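Trainee: everything below, folded, please.
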Amino acid sequence: DPASNKARWDLAQAYQRAKRDDDALAQMRRLILRKDDPLRMTYRLGPASLLEQRGRLDEAVAELRRLLSEEPHEEVRFRLVEDLDRAGRRDEAEREVRVLLDQAKDRPRAQLALAGIHERTGRVEDAARIFEDLAQSHPEIFPAIDGLRRIRGAQGRKAE
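Mentor: Model prediction:
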């Protein structure tokens, strides 16, 4: 049934397993995206997910930017930040995470992402400050505590 998302999605997954990525992407892009479909976001993120899995990060970034322009969803921007960071495009990742800091409902997650970018770009004191703030305000966020310990350990200091 050409109108069945399930059949099209299953076909896309079969193409993906067979490493026929272009065919899989074509099927994913032909899905009918209904507002009430509980798998809508899965379908929307499908092409980017496939591209990420294959290490085609620049294409995944383009896909996520296109999706973000059509449907500005916080989770899409978080994925975009991760892919930009993984692709080594950290200046762009930092710009996107700053948008999240202004708009995100999950501000601690955005702060954690920014601290990670700072740490990977050698701005360890900036990262340490963010990790310290998060560790104090949200002690349940273990990656912040681990990041702070990692930085302070490398500096020969104890995390306070």
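
Trainee: for the rest of this, base every contact and every neighbour count on C-alpha atoms.
Mentor: Noted.

Trainee: give me the low-pLDDT residue ranges for this protein?
Mentor: Scanning the chain for pLDDT under 70 picks out 1-3, 159-160.

Trainee: quick one: the helices in it?
Mentor: 5-17, 21-29, 40-53, 57-70, 74-86, 90-103, 107-120, 124-137, 142-154 (DSSP state H).

Trainee: tabulate the ones you listed (a markdown table), appending mean neighbour count.
Mentor: As requested, these are exported to a markdown table (neighbours: other CA atoms under 10 Å):
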| stretch | mean neighbour count |
| --- | --- |
| helix 5-17 | 17 |
| helix 21-29 | 18 |
| helix 40-53 | 18 |
| helix 57-70 | 17 |
| helix 74-86 | 20 |
| helix 90-103 | 17 |
| helix 107-120 | 20 |
| helix 124-137 | 19 |
| helix 142-154 | 18 |
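
Trainee: show me the contacts for residue 18.
Mentor: Contacts for residue 18 were tallied using CA atoms under 8 Å, 6 or more residues apart in numbering; there are none.

Trainee: likewise for residue 139?
Mentor: Applying CA under 8 Å, 6+ apart, the residues near residue 139 are residue 145.

Trainee: kindly report the same for residue 132.
Mentor: Taking CA under 8 Å, 6+ apart, we find residue 132 in contact with 144, 145, 148.

Trainee: the first one and residue 76, how far apart?
Mentor: Looking back up the chat, that one is residue 144. Between residue 144 and residue 76 the computed distance is 22 Å (CA to CA, to the nearest Å).
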